[in-house]
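Undergrad: got a sequence here, can you build the structure:
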Amino acid sequence: MIDAMYNYRQGELHSAEFSDEFNSLCIPFEDSLSEEQTDIFHQILDCVSETAAVEMRAAYKVGFKDGVTMMKEIQE
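TA: Numbering: from 1, shown residues only. Next up is the predicted model:
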């Protein structure tokens, strides 16, 4: 059920933009790569993004469960 709620709300989450620091490091680095290296670099970035998404989902579940626990304690 928590997953369903997360998936429903996911469309309401605003995508973060890359920081100026990330862009100042990443863009020149990417420009220096060969085509094959660029493909690998993009695959690495995709893996990092997927890992962050999994961590965000897990944090949402934990936060939701913590909120329920606090509400139960307040009611007692």
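
Undergrad: can you map out the strands along this protein?
TA: Assigned strands in the chain: none (criterion: DSSP state E).

Undergrad: low pLDDT regions in it?
TA: Low-confidence segments of the chain (pLDDT under 70): 1-2, 5-16.

Undergrad: counting neighbours, what do you get for residue 64?
TA: Using other CB atoms under 10 Å, residue 64 has 14 other residues around it. Heads up, the C-betas are built off the backbone N, CA and C, glycines and all.

Undergrad: make 44 the starting number, not 1.
TA: Yes, from this point I'll number from 44; that puts the last item at residue 107.

Undergrad: how near is it to residue 96?
TA: Counting by CB to CB, to the nearest Å, the gap from residue 107 to residue 96 is 17 Å.

Undergrad: residues in contact with residue 75?
TA: Under the criterion of CB atoms under 8 Å, 6 or more residues apart in numbering, the contact list for residue 75 is empty.

Undergrad: got phi/psi on it?
TA: Here is the backbone geometry of residue 75 (degrees, to the nearest 10): phi -90, psi -10.

Undergrad: what about stretch 47-61, start to end distance?
TA: From its first residue to its last, stretch 47-61 covers 28 Å (CA to CA, to the nearest Å).

Undergrad: can you pull out the helices in the protein?
TA: 45-53, 63-74, 78-118 (DSSP state H).

Undergrad: so which elements touch the last one?
TA: Right, the one you point to is helix 78-118. helix 45-53, helix 63-74 (3 or more CB pairs under 8 Å, 6 or more residues apart in numbering; DSSP states H and E).

Undergrad: and that helix, how far from the chain's centre?
TA: 5 Å (CA atoms, centre = their mean, to the nearest Å).

Undergrad: that helix versus helix 63-74: what angle between them?
TA: Angle of helix 78-118 versus helix 63-74, following axes from the mean of the first three to the mean of the last three CA atoms, to 10 degrees, is 150 degrees.
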